[in-house]
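*Asks:* Here's a sequence, model it:
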Amino acid sequence: MNHSGSSILENNDILLRPFIAKDAEMMYQNWCSDPEVTRFLTWLPHKNLDETRTILQSWLHSYRRPDFYHWAIEIKKIAQPIGSIGVVNLNEINEMAELAYCIGKVWWGKKIVVSALKLMIPYLFDTIGFERLQAIHFTENSASGRVMQKAGMQHEGTLRNYIKAKESHLVDCEIYAILKGDIVL
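*Replies:* Numbers count the residues shown, from 1 in each chain. From the prediction side, this is the model:
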């Protein structure tokens, strides 16, 4: 593996970049405090800006590690973070990474996350050297599955009672994956 950290990735419309300290307010406003955004996530909406700042500080500290992959999703036209995307689990032995994303509801359905995944996937395969990338979503959140499919990932099955929802009960998740060999040039 050739760990290179969270390099800047971009296309004509979006920018994936490392977070910076001044992103805290936009994070809190755009997605971290919204119960609709966190409905199908494992974490609760942030209660206040200080909670967002604390999480952001942990990410900033983690950027020192070359195997930390976490980006702010920024629409170039508005130049502010509207979500996050990154690797949440990494298995170097099996050359596999699990991806996750979150975006403010104002930007849902605009193919922004699909575009972000299409930037990130080749980087993780070609630059870093992963052979398998996967992602999961709560079974109830079928919209997230459609995002994964549009990014080229294939549905592999249902993981029963796989993850705790908001520290309360276990929920089923759907798993999608893409292999390096699946990419057609």
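*Asks:* tell me, how many neighbours does residue 103 end up with?
*Replies:* Burial of residue 103 is recorded as 21 neighbouring residues (other C-beta atoms under 10 Å). For the C-beta atoms, the positions are set from N, CA and C on the backbone; glycine is no exception.
*Asks:* sorry, that was for residue 39
*Replies:* 14.
*Asks:* and it, what does it touch?
*Replies:* By C-beta atoms under 8 Å, 6 or more residues apart in numbering, the residues touching residue 39 are residue 141.
*Asks:* From residue 48, how far out is it?
*Replies:* Using C-beta to C-beta, to the nearest Å, one gets 20 Å for the distance from residue 39 to residue 48.
*Asks:* tell me the phi and psi of residue 111?
*Replies:* phi 60, psi 20 (degrees, to the nearest 10).
*Asks:* what about residue 87, distance to residue 44?
*Replies:* 22 Å.
*Asks:* higher neighbour count, these two?
*Replies:* residue 87 (21 against 12).
*Asks:* Surely residue 27 touches residue 57?
*Replies:* No: using C-beta atoms under 8 Å as the test, residue 27 is too far from residue 57 to be in contact (11.8 Å).
*Asks:* what about these two, which has more around it?
*Replies:* residue 27 (26 against 13).
*Asks:* how near is that one to residue 75?
*Replies:* In terms of C-beta to C-beta, residue 27 sits 14 Å off from residue 75.
*Asks:* now swap in residue 50 and tell me
*Replies:* Taking C-beta to C-beta, one finds residue 50 at 26 Å from residue 75.
*Asks:* In terms of neighbours, single out the busier of the two.
*Replies:* Between residue 50 and residue 75, counting by other C-beta under 10 Å, residue 75 is the more crowded of the two (17 against 11).
*Asks:* For that one, name its beta-bridge partners.
*Replies:* residue 14, residue 80 (DSSP bridges).
*Asks:* Same check on the one 10 residues further on?
*Replies:* Residue 85 has the following beta-bridge partners by DSSP bridges: residue 71, residue 101.
*Asks:* Around it, count how many other residues there are.
*Replies:* 22.
*Asks:* Let me see the contact set for residue 76.
*Replies:* Applying C-beta under 8 Å, 6+ apart, the residues contacting residue 76 are 10, 12-15.
*Asks:* And it, its phi and psi?
*Replies:* phi -60, psi -40.
*Asks:* Show me what the longest helix along the chain is packed against.
*Replies:* As assigned by DSSP state H, the longest helix anywhere in the chain is helix 49-62. Contact partners of helix 49-62 among helices and strands, from 3 or more C-beta pairs under 8 Å, 6 or more residues apart in numbering; DSSP states H and E: helix 24-27.
*Asks:* which of the residues in the helix it packs on are buried?
*Replies:* Using 16 or more other C-beta atoms under 10 Å as the burial criterion, the residues of helix 24-27 that qualify are 24, 26-27.
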